[in-house]
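> no sequence on this one, just coordinates:
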């Protein structure tokens, strides 16, 4: 049985007459704040709190109710309880079977806890009553009260869940403090916010704070109502459209028309049959079609499945273009489009020959490497034309996302296949010539490494079952002829490099550019500018003048721009009424194009001390470097200028160390290294320079400066030096040779290790350039250093090394001098 005690208070005892003792028991309450004039049922379960209530029932039935700061704390300490609470009167108590006590309390007045007098068996605290600040009944107060009442009515009308009794109670109250307390207790605020209201003793401030709170609530409810209204409108629109579609479907059925969904499914079934897919792909397509058949046509998932099926049926699974394997025809087409490039042409003809003997031969993975403008991309188009295949080009420059190659998974919004599959679909056949341009400029970031994805694409042992993330079925790329292009091979990962057959396209000589201009560039510009044939006569000297004075490149792009500019000037003259033909000479070129943009390099006009001619390789072709060395009084310091890289700095130090170690053998004063500073400089200081091929050039220039012997101006050299004086082989010999030819230098000293490279050197270079292989720096110094007073050293050296490999044929002037 439960014991119920009802405590009756005398009607004549009111709160105004109530005297609150200075010390009362304390009951901590959680997750709620008791306000004056508030009637609250409360369940009490803690032993200390039950003891406090039992004690209060024996006295004045008054208890201090203060909220604890942490609602999960079962035994809050004094510092875990707020210092401001409310004295409450216990009006009813009910003991429950589980040992808890249910009480009904009424808040009387705010109090501040001054001190905890005891903690066991319950909290007993000394308190101080907090009286509301007296408020005069002014117009402003009345306006605040009216505003608060109107706001609470508006909040209720907008749907805020507030007890109806609260509105009735507020209507009969004129005290601002009580109105504020009633409003906040019915708003469902958090404990911390309620506590802040409880601690305010100024009724006006409480009421103003309540008004601000209600203004925010009204704004919130307004926005909420707007959102709900929009949602209802959207829902109503969707439902209306659904009913209309259903009615339209019923009408079509009555008229005997085929349902749109059924028509789509039927079309897909026919396309799947005609697509000639592999068995695995066809099974996946049928499975997705069955899913589409069960979906509502307007659902988002149906749209995704429909797009996927469209890709599957549009991709050419077994459709091929018939190849032209006529070797002579292919040779004719390649020769029509490109001058020289015999290595590339031979490789394509070899592939065609293999295809003629074996139909299922795998396509090669070719990589054209060379400076810009040498015809790498256009060569791919010519190969496609020669083979009678479709041509697809994909630029890899700047790609950083692996999904660009493999595609996105279908779970992502806007997912699509990768650009490989997109290119195949664009071609419409499964055996196009697919050019991957700028493969050396592929990037990588947090989205993946595209070059790793290319490993599968460019591997003949794997690409017969290329897996695109979007398709999720294998696609056979083994029939595709992949061609990649690059300016340099260094940035390409070794694993990717290993999968490609590299063919190097070097730059062109002036004579080659002249022939290409006459055979290809000038006829093309006649057509593109509308000038027409036989109206312009280009002198060879004029073309060479453009090549040498307005362009400096390994390729042909700038040459074509300048020729195009000349033709545009002629087109303007034709439009103004001048009569053809127009003869283009050097003077005409200067008049049309203005001051030469790239004047020829300042060549060494005479043998000199401390300056030697070196050759360098760049991604844009070869270049000539004049390395200067000077000595001055000092303490043996070595200064390097010209923005040299680490490799060139080490080459310079190795050259100086060799000269110092072998000073006596080289007739160099050994004390010079202690009393002189050596300054090595490479002009064009704004351009960074690096590479392992300038060692012997710096050694020759330094030896010349230390011995006072001149260096022959008619020689250029390339090669790395060791501390023992050995000359190590280098790369880019052809590009460097072309640079020497442009600088009118016809004798080149090369490392002995590069002799095999001369076998692949074009004949037109070997006919003009004398290559002198050397193994040691002493051979170089013997060739190039001459004394001040030896005027006939050049004549003596003309017959020296006549048996050396790669000797140029003597020209007519030399023959006359011999006679």
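Alright, I've got the coordinates. Note that the structure is a prediction, hence the values are computed from the model and not measured.

> Could you pick out the longest strand of the protein?
For the chain, the strand with the greatest residue count under DSSP state E is strand 101-118.

> what's the distance between residue 109 and residue 241?
For residue 109, the distance to residue 241 equals 63 Å [C-beta to C-beta, to the nearest Å]. Glycine gets a C-beta too; all of them are placed from N, C-alpha and C.

> Looking at those two, which is more packed in?
Per other C-beta atoms under 10 Å, whichever of residue 109 and residue 241 has more neighbours is residue 109, with 18 against 11.

> was I right about that one contacting residue 34?
No. Here residue 109 does not reach residue 34: they are 10.9 Å apart, not a contact under C-beta atoms under 8 Å.

> got any residues that touch both of those two?
Residues touching both residue 109 and residue 34 (C-beta atoms under 8 Å, 6 or more residues apart in numbering): residue 86.

> Spit out the contact partners of residue 623.
615, 616, 617, 739.

> how about those residues, which pair is most distant?
Largest separation among those by C-beta to C-beta: 617 and 739, giving 8.6 Å.

> Just want to know which of these two has more residues nearby.
Neighbour count, other C-beta under 10 Å: between residue 617 and residue 739, residue 739 has more, with 26 against 20.

> check contacts around the more buried one.
By C-beta under 8 Å, 6+ apart, the residues touching residue 739 are 615, 616, 621, 622, 623, 624.

> switch the cut-off to 6 Å
615, 622, 623, 624 (C-beta atoms under 6 Å, 6 or more residues apart in numbering).

> gap between it and residue 553?
From residue 739 to residue 553 the distance is 12 Å (C-beta to C-beta).

> Would you mind pulling up the elements that the top helix by length along the chain packs against?
Assignment by DSSP state H gives helix 203-255 as the longest helix of the chain. Here helix 203-255 touches helix 139-157, helix 176-185, going by 3 or more C-beta pairs under 6 Å, 6 or more residues apart in numbering; DSSP states H and E.

> Any buried residues in the first one, and which?
Across helix 139-157, burial judged by 16 or more other C-beta atoms under 10 Å covers 141, 144, 145, 147, 148, 149, 151, 152, 155, 156.

> and if you look at stretch 198-217?
Residues 198, 200, 203-204, 206-211, 213-214, 217 are the ones in stretch 198-217 that count as buried (16+ other C-beta under 10 Å).

> Could you point out which of these is nearest to residue 45?
Using C-beta to C-beta, residue 198 is the member of the buried residues of stretch 198-217 that sits closest to residue 45, with 23.7 Å.

> And the pLDDT for the closest one?
pLDDT, residue 198: 82.

> Next secondary structure after the longest helix of the chain?
Next helix or strand after helix 203-255 toward the C-terminus (DSSP states H and E): helix 260-274.

> quick one: secondary structure of the residue nearest to the spatial centre of the chain?
Centroid-nearest residue in the chain: residue 400, 5.1 Å away (criterion: C-alpha atoms, centre = their mean). Assigned with DSSP: H, G, I helix; E, B strand; the rest coil, residue 400 falls in the coil class.

> residue ranges with poor pLDDT in the stretch 251-400 of the chain?
Low-confidence segments of the stretch 251-400 of the chain, defined by pLDDT under 70: 252-253, 255-260, 361, 363.

> Could you pull out the strands in it for me?
Assigned by DSSP state E, counting those that start in this stretch, the stretch 251-400 of the chain shows strands spanning 365-369, 391-395.

> list the helices and strands the last one packs on?
Judged by 3+ C-beta pairs under 6 Å, 6+ apart, the packing partners of strand 391-395 are helix 419-427, strand 433-437.

> Please work out which of those is packed deepest.
strand 433-437 (a mean of 24; mean count of other C-beta atoms under 10 Å).

> Give me the mean pLDDT for that strand.
Strand 433-437 shows a mean pLDDT of 92.

> ok, then the element right after it?
Sequence-wise, the next helix or strand downstream of strand 433-437 (DSSP H and E) is helix 450-457.

> and the angle from that following helix to helix 419-427?
Between helix 450-457 and helix 419-427, the angle comes out at 60 degrees (axes from the mean of the first three to the mean of the last three C-alpha atoms, to 10 degrees).

> Return the distance of helix 450-457 from the chain's centre.
Remark: helix 450-457 is offset 17 Å from the chain centroid, using C-alpha atoms, centre = their mean, to the nearest Å.

> what's that helix in contact with?
Applying C-beta under 6 Å, 6+ apart, the external contacts of helix 450-457 come out as 399, 402, 405, 406, 420, 442, 462, 463, 493, 495, 496.

> can you give me the angle it makes with strand 365-369?
On the basis of the same axes, to 10 degrees, helix 450-457 is oriented at 140 degrees to strand 365-369.

> tilt between helix 450-457 and strand 433-437?
Orientation check (the same axes, to 10 degrees): helix 450-457 against strand 433-437 gives 160 degrees.

> and the next element down the chain from helix 450-457?
Next along the chain after helix 450-457, taking DSSP H and E as the criterion, comes strand 466-467.
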